[in-house]
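*Asks:* 3D model of this:
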Amino acid sequence: MYRTYKTEVAGRALSVDVGRVAEQANGAALVHYGDTVVLVTATASDKPREGIDFFPLSIDYEERLYSVGKIPGGFIKREGRPSEKAILAARCIDRPIRPLFPKDYRNDVAVVATVLSVDQDCQPEIAALWGASIALSISDIPFTDPVGSVNIGLVDGELIVNPDSAQRDVSKLSLTVVSKKDKVMMIEAGASEVPNDVMMKAIRLAHDENVKIVEFIDTIVEAEGLEKQQYEEYNVNEDVYNLISEYITTPRMENAVVAEKKQERDIKINEITEEVLSSLSEKIGEILGDEEKVEQTVNDAIYKFEKMTVRHMILRDHRRPDGRGLEEIRPLYAEIDLLPRTHGSALFSRGQTQCLTVTTLGAMAEIQKLDGLDTSEVSKRYIHHYNMPGFTTGEAKTSRGPGRREIGHGALAERALLPVIPDEEEFPYAIRLVSDIMSSNGSTSQASICGSTLSLMAAGVPIKRPVAGISVGLVTGDTDDDFVMITDIRG
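*Replies:* Okay, the predicted model is just below:
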């Protein structure tokens, strides 16, 4: 028999079935929120993937059109590749949960959220994130920090938790906050010029609601949680790390990472790596007892030493590798009307990051029609696409169309400009922007926002006011009080 756990969120019933379906997954939760039903499963491989230095986590958000009583269009009549909204939903699950796995975990993990039924007043994306948190927490996969998530709207000056469909249509704010009990993990927002104090109040309200959701998940874990599996840990050998760091020395590593251009830093790090391999390979092989692991271990140890050096420079000396202060922005350059036969074009540069954005105007017949689960979103008049080929980072790789990152960055810039786009009555045209990254060294999505503003103005689109974007980073030390914020992150 399956077990059901119940609570209430924003005045609507939330129930979770455990053991009802998908019994062969490591963890599974059937989430009911209003009449929205989402099945979320979590599975993991038994052994780590060989030869990688990252955590192979995949998140899929599967939209079933039967969930809203639709038959897919076209000749095939079945769901194909994920929609843009499905990809964005998957990214919103990935970002907050990825940092909560052990840093040295290398086993494949697949989280699949399948939308089975949709109540337009209860967003399936929110239910999917709850389900992912529950499925992982009750499974034997080493994930021990459940998270909660809510959406905050702003209607007639009032903040609303998980607004219904009618409220979302008139809301000046769409803020999604994901947090665990003590810390916020992700903030995703679109707003129509909402004041800072209102935004801060909304984030605090969301976090307070999330704490209640996490407490609810804890009760499920207490009853259903499996013993967490032991996994093959991967840490840089301490003796090897000490040997390499003492050989390189901190002053030399500081000199290597201090460079205005990324290529200069890469050259200096490569020279150090070759020298270490030449001078210490024999000793490192003896320590490891395996000569085949020497090169990978050296690369990992040097990368760790490089990160520790940069972190120390920023936290203690308030100095960045390119010589800038914590709030200093890289040199800016912009020009418009580069391309003679386009409706509007702009080139925006911030340091080595460079973006070409082109605006195309069309008749209203050219708006994009949407075939998704949200019945309030059936078309899109303003479209922004983002492309980042391999040459932007000096890589020799073939372009195979936009990936999830490119779709996410395009949507981010689209959302940033949407509040200033003139309405259809004032400007009855379809608008498509394409941001082609020319060079990447951090904050390309924000460069595409700046380039979009310039390109729209060059095309004669009467935007309400210019919009700019910039990235802000947080570098932390050993305690919660030990941190600094940096403006305009580079790669």
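*Asks:* Regarding the closest residue to I187 other than its chain neighbours, which helix or strand does it belong to?
*Replies:* Nearest residue to I187, sequence neighbours excluded (CB to CB, 6 or more residues apart in numbering): V177, at 5.6 Å. Where you see a C-beta, it was placed from the backbone N, CA and C, and this is true even at glycine. Using DSSP states H and E, V177 falls within strand 173-179.
*Asks:* Next: S455.
*Replies:* Using DSSP H and E, S455 maps to helix 444-458.
*Asks:* and L280, what is it in contact with?
*Replies:* L243, I244, Y247, V298 (CB atoms under 8 Å, 6 or more residues apart in numbering).
*Asks:* In this structure the last one contacts I284, no?
*Replies:* Yes: judged on CB atoms under 8 Å, V298 makes contact with I284 at a distance of 6.6 Å.
*Asks:* what helices or strands is the strand or helix carrying I437 leaning on?
*Replies:* Assessed by DSSP H and E, I437 sits inside strand 430-439. On a contact count with 3 or more CB pairs under 8 Å, 6 or more residues apart in numbering; DSSP states H and E, strand 430-439 meets strand 353-362, strand 382-387, helix 404-417, helix 444-458.
*Asks:* Point out the other helices and strands that the lengthiest strand in the chain packs with.
*Replies:* For the chain, the longest strand by residue count, based on DSSP state E, is strand 36-48. Packed against strand 36-48 by the contact rule (3+ CB pairs under 8 Å, 6+ apart) you find strand 27-33, strand 107-117, helix 124-138.
*Asks:* Show the average pLDDT along the longest one.
*Replies:* Along helix 124-138, the predicted confidence averages to a pLDDT of 98.
*Asks:* Pop the domain breakdown of the chain in here.
*Replies:* Domain ranges of the chain: 3-148+201-224, 238-325, 332-469, per automatic domain parsing.
*Asks:* for those domains, which one sits closest to V484?
*Replies:* domain 238-325 (6.0 Å; CB to CB).
*Asks:* So for the closest one, mean pLDDT?
*Replies:* For domain 238-325, mean pLDDT is 88.
*Asks:* Ends of it, what's the gap?
*Replies:* One end of domain 238-325 to the other measures 33 Å (CA to CA, to the nearest Å).
*Asks:* Likewise for stretch 37-57?
*Replies:* Start-to-end span of stretch 37-57 (CA to CA) is 24 Å.
*Asks:* Report the buried residues of that stretch.
*Replies:* Within stretch 37-57, the residues scored as buried using 16 or more other CB atoms under 10 Å are V37, V38, L39, V40, T41, A42, T43, A44, P48, F55, L57.
*Asks:* Determine how far it lies from the middle of the whole chain.
*Replies:* Here stretch 37-57 shows a centroid-to-chain-centroid distance of 17 Å under the convention CA atoms, centre = their mean, to the nearest Å.
*Asks:* cool, stretch 409-423 as well?
*Replies:* For stretch 409-423, the distance to the chain centre is 18 Å (CA atoms, centre = their mean).
*Asks:* ok, now stretch 200-215?
*Replies:* Relative to the chain's own centre, stretch 200-215 is displaced by 20 Å; criterion: CA atoms, centre = their mean.
*Asks:* Pull out the buried positions in that stretch.
*Replies:* Within stretch 200-215, the residues scored as buried using 16+ other CB under 10 Å are A202, I203, L205, A206, H207, E209, N210, I213, V214.
*Asks:* Let's see if you can find the most crowded of the contacts of L280.
*Replies:* Neighbour counts for the contacts of L280 peak at I244, which has 24 neighbours (criterion: other CB atoms under 10 Å).
*Asks:* Touching, that one and E275? I think so.
*Replies:* No: contact criterion CB under 8 Å: I244 and E275 do not qualify, at 10.6 Å.
*Asks:* what about G73, which helix or strand?
*Replies:* Here G73 is covered by no helix or strand, with elements defined by DSSP H and E.
*Asks:* roughly how far apart are it and W130?
*Replies:* Going from G73 to W130 by CB to CB, to the nearest Å gives 30 Å.
*Asks:* hang on, the earlier thing: hey, what's in contact with both of V298 and I284?
*Replies:* Common contacts of V298 and I284 (CB under 8 Å, 6+ apart): V240, I244.
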